[in-house]
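K.L.:
pasting the sequence and the predicted model now:
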Amino acid sequence: MQLIEGEKDQILAIVGEVLKNSPKQREDLIPLLQKVQAKLGYLPALAMEKIADGLNIPAADVYGLATFYNQFRLNPPGKHQVKVCLGTACYMVGGDITLESFERRMEIKEGETSPDRLYSLERVACVGCCTMAPVAVVDEEVEGKVTPTRVDGIMLALQDEEKKNEKELKSNQEEGEDA
Amino acid sequence: MSNFTPAEIYKELLEEAISQGEARKEKTRVLVGTATCGVAAGALKIKEDFLREIESKNLSDDVDVFEVGCIGHCYAEPLAIIAKPGHPAICYGRLDDGLVHRLVEDFLVADDPSYEYAMAALERNDVFPTFEDFPRGIYEKKLILEQCGFIDARDVNSYLAREGYSGLAKALVEKPEWVLEEIKAANLRGRGGAGFPAGLKWEACIKSKGDAIYVICNADEGDPGAFMDRSILESDPHLVIEGMILCAYTVGAQKGYLYIRAEYPRAVTHVQEALEQARMKGLLGNSILGTDFNFDLEIFQGSGAFVCGEATALVNSMEGKMGMPESRPPRLAQKGYRGKPTVLNNVKTFAYVPLIIRNGADWFKETGTPESPGTAVFSLVGKVVNTGLVEVPMGTTLRQLIYDVGDGLPNDREFKAVQIGGPSGGCLPESALDVPIDFDSLQDAGAIMGSGGLVVMDEDDCMVSVARYFLEFTQHESCGKCTFCRLGTKHMLDILTDITKGKGDGDSLALLEELAEDVRDGSLCNLGRTAPNPVLTTLKYFRDEYIAHIEEGRCPALACRDLILYYIEPPKCSKLCNVCVGSCPTEAIFTRDDGLKEIDQEKCVKCDNCLKACPGEYNAVVKISPPVLPPEKVRVAK
């Protein structure tokens, strides 16, 4: 994933700050990665390299750990995050079909972020509301009984919201120019 | 050492907690179930609704709204309990803003408890039945879930007022050996899945005489479809903490960790708060209850790897390494975290400890079977009416659990199988339903107690696809250390995928069985050793389904998407209805010249939408397997 403008400085600043305030033993590596991810939303390659330098261990060790555990993500989260539950109960009523429908609408695969960073799609093990299966978590809101038609509805709502935002941004800019 | 005995210090804490509780009881209390499951169903919004309605009626000074944990009746979320002085506390389910409005107006303002919307009362009374009066009440017995959903998880006094920490106060005047003997006498078996006696584990740790001993609670629940550990930590964190302190006292530990999945943010927050409150009350930290016993606890956030449920892998991950298991011995009791003797038990195991110490080993053995005393906790999900967390005595049969506690299958569907123990467990058929639930009987039947996930399946579920689902999970979660687990599961998964696509051949099943045995025998830890279980049990009990896939290219449950097609029966289709056309996400359904609808098989993604959308009076959409249209149904021209 390409870094966007100004992101490099932000990554360096945050990693530097986290490293400064944390113990730097090997057993602190997972908590360190968790802290950085909590601030950045993901673990960019640059951050992993800097953490490896800070702990004086090979960058491959950090990458190994980050890819071993499910919690760590290597792609930036989209502005709208969708997590599709594929726990046993959801799978049995077609959670995979739901996931596929999102993939089709977002034009990305599970685990990816759209190039404009608007959408990201993930699968999760179990959200814990099996009665509402199949379940998807859209921007922290739990949606139950998500059929492909509902997926279309959700995506339309999100796109609508984006269009509105864009329009507002534009009119704000125009106002700014007028002033 | 303090001048007061632990009993005296405890008495003071208890009295303070009780008087706070009494003061609260004078007001009306609304308890909203806000464990993760409740939140998912909208409980936080319900709480807001209550607060808003209460404020609009100017009742804010008379009514308190609290968050409690999981009440256990997930099928009726969001749930709330209203305790108004002069009435029994009553639980209401399936709340929405309208019902909240109604309850505030009719019950809180006026004095009508609106029994027509009530689920059950929480205490015995003359007007309304309690949860124990439900048909399932005779089978359920709540020990560790007893207080979940009824106490304020974020207030230590709420736990204290119900005799919380009395086990600790009792134990601290006794020798550690007394606690150990009590746990051994109770025959408390580890609830992580394998059922190893906790007392023996603790004893081994004491005998290894290391200079530092650690106590770790395994809350790295990774089974997709099981959430008991999360619910307990979210709803009653002090029960687990007290159990860990008692364990630490017994083995002589000064430091302990709760290894909690980072995906459980509510559990992490609740435990964090509970630890701080316990420290403030002198129940944790230095000189606990005035004695010279010191012990402190910390949270380690696990990063989500199923294999970290394995003891040695968990310890490796705490040390900042990849969570890969090591060969045992040495066991953790000899050489665990940081190379020191370590006790590692599951959340539920620790949760039983305070109750055993409080009530005695004999009390514990009254429930359950002689070999597996106590209760079993399951998250009951899948095709069953009453989904939720259930706790039943060991020895209850699966049939009782599914049909009496779970109230059977919804929509008059036929039972097909029950999957127990998650990815490490097995699928048992109808004929095995009279197996009693305990560690040994389930193992004999080919499943395991495991983590406690219990998924009920009906005739619409394809056993090959279910086996494939679990294997896909274990294959993905295999840490890669052992060749058979890493490659064997992958190879098995490929074979199963082929079968679900109708590409299996005559040798597939023999090869699958051979590989399953090799993976089982050639893996170091229980992830690999049990990974073939779902495949082996489905092969044993549902072999005909595999054969139908391979030989006829047919999925008997009409579930494998490569082996079915959707078809609209012309005689049943109403020409005037357009629902299916609108429901299709790929525009595969079109209206023919004669007004009937037809599916363009090229475009169809088999999403099942049209079948669900077609109105019940027509039911014109059917699934056909194998996916070949009989000649009379093929239309020549569109």
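P.N.:
Great, that's in hand.
K.L.:
quick one: residues contacting the residue of the stretch 101-250 of chain B found nearest chain A.
P.N.:
Shortest the stretch 101-250 of chain B-to-chain A distance, computed as Cβ to the nearest Cβ: residue-wise this is B:G225, at 3.6 Å. Where you see a C-beta, it was placed from the backbone N, CA and C, and this is true even at glycine. B:G225 makes contact with A:G87, A:T88, A:A89, A:C126, A:C130, B:S379, B:V381, B:G422, B:G453, B:V455 under the criterion Cβ atoms under 8 Å, 6 or more residues apart in numbering or on different chains.
K.L.:
hang on, it is in a helix, isn't it?
P.N.:
No: B:G225: not assigned to a helix; according to DSSP: H, G, I helix; E, B strand; the rest coil it is coil.
K.L.:
where does the closest residue in space to it that isn't next to it in sequence land on pLDDT?
P.N.:
Leaving out its chain neighbours, the residue that sits closest to B:G225 by Cβ to Cβ, 6 or more residues apart in numbering or on different chains is A:T88, at 3.6 Å. Confidence per residue is given as pLDDT, and for A:T88 that number is 85.
K.L.:
quick check: phi and psi on the residue of the stretch 101-250 of chain B closest to chain A?
P.N.:
Backbone torsions for B:G225, taken as degrees, to the nearest 10, come to phi 120, psi 10.
K.L.:
in the stretch 201-350 of chain B, which spans are helices?
P.N.:
Under the criterion DSSP state H, counting those that start in this stretch, helices of the stretch 201-350 of chain B are mapped to B:228-235, B:237-251, B:265-280, B:311-318, B:347-359.
K.L.:
and the first one, how far out from the chain's middle?
P.N.:
In terms of Cα atoms, centre = their mean, to the nearest Å, the centre of helix B:228-235 is set 9 Å apart from its chain centre.
K.L.:
show me what it is packed up against.
P.N.:
Using 3 or more Cβ pairs under 8 Å, 6 or more residues apart in numbering or on different chains; DSSP states H and E as the contact criterion, the secondary-structure elements in contact with helix B:228-235 are helix B:36-40, strand B:214-219, helix B:237-251, strand B:255-261, helix B:265-280, helix B:347-359, strand B:375-382.
K.L.:
pop the domain breakdown of chain B in here.
P.N.:
If the domains of chain B are taken from automatic domain parsing, they occupy B:20-133, B:164-364, B:375-458, B:463-552, B:564-633, with pieces of a single domain joined by a plus sign.
K.L.:
distance to A:K109 and mean pLDDT added to the ones you listed, as TSV?
P.N.:
As requested, the domains of chain B are arranged in TSV below (distance: least, Cβ to Cβ, whole Å; pLDDT from 0 to 100):
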stretch	distance to A:K109	mean pLDDT
domain B:20-133	25	89
domain B:164-364	20	93
domain B:375-458	24	89
domain B:463-552	15	94
domain B:564-633	16	90
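K.L.:
figure out which of those is closest to A:A45.
P.N.:
Put simply, out of those the one that sits nearest A:A45 is domain B:164-364, at 18.4 Å, with distance taken as Cβ to Cβ.
K.L.:
how far does the closest one stretch from one end to the other?
P.N.:
Terminal residues of domain B:164-364 lie 17 Å apart, using Cα to Cα, to the nearest Å.
K.L.:
could you do stretch B:30-38 as well?
P.N.:
Start to finish, the residues bounding stretch B:30-38 are 15 Å apart (Cα to Cα).
K.L.:
which residue ranges form the strands in the stretch 451-600 of chain B?
P.N.:
Along the stretch 451-600 of chain B, the segments classed as strands by DSSP state E, counting those that start in this stretch run B:453-458, B:565-568, B:589-591, B:597-599.
K.L.:
what's the answer for chain A, then?
P.N.:
Applying DSSP state E to chain A gives strands spanning A:80-85, A:119-124, A:136-138, A:141-143.
K.L.:
quick one: those strands as CSV, columns for mean neighbour count too.
P.N.:
Below are the strands of chain A laid out as CSV (neighbours: other Cβ atoms under 10 Å in any protein chain shown):
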stretch, mean neighbour count
strand A:80-85, 24
strand A:119-124, 22
strand A:136-138, 22
strand A:141-143, 17
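K.L.:
B:K201 is nearest to which of those?
P.N.:
Ranking the strands of chain A by distance to B:K201, with Cβ to Cβ as the measure, places strand A:119-124 first at 32.5 Å.
K.L.:
tell me the confidence at the residue minimising distance to the centre of chain A?
P.N.:
In chain A, the C-alpha closest to the average C-alpha coordinate belongs to A:P77, at a distance of 2.5 Å (Cα atoms, centre = their mean). Per-residue confidence for A:P77 comes out at a pLDDT of 89.
K.L.:
next, the contact list for the residue nearest to B:R94 when sequence neighbours are not counted, please.
P.N.:
Counting by Cβ to Cβ, 6+ apart, B:A76 is the residue found nearest to B:R94 once chain neighbours are left out, at 5.3 Å. When contacts are counted by Cβ under 8 Å, 6+ apart, B:A76 is found next to B:G93, B:R94, B:M119.
K.L.:
ok, those residues vs B:V622, which is closest?
P.N.:
When those are compared for distance to B:V622, the smallest value, 33.0 Å, is given by B:R94; criterion: Cβ to Cβ.
K.L.:
and that closest one, how far is that from chain A?
P.N.:
Between B:R94 and chain A the distance is 11 Å, computed by Cβ to the nearest Cβ, to the nearest Å.
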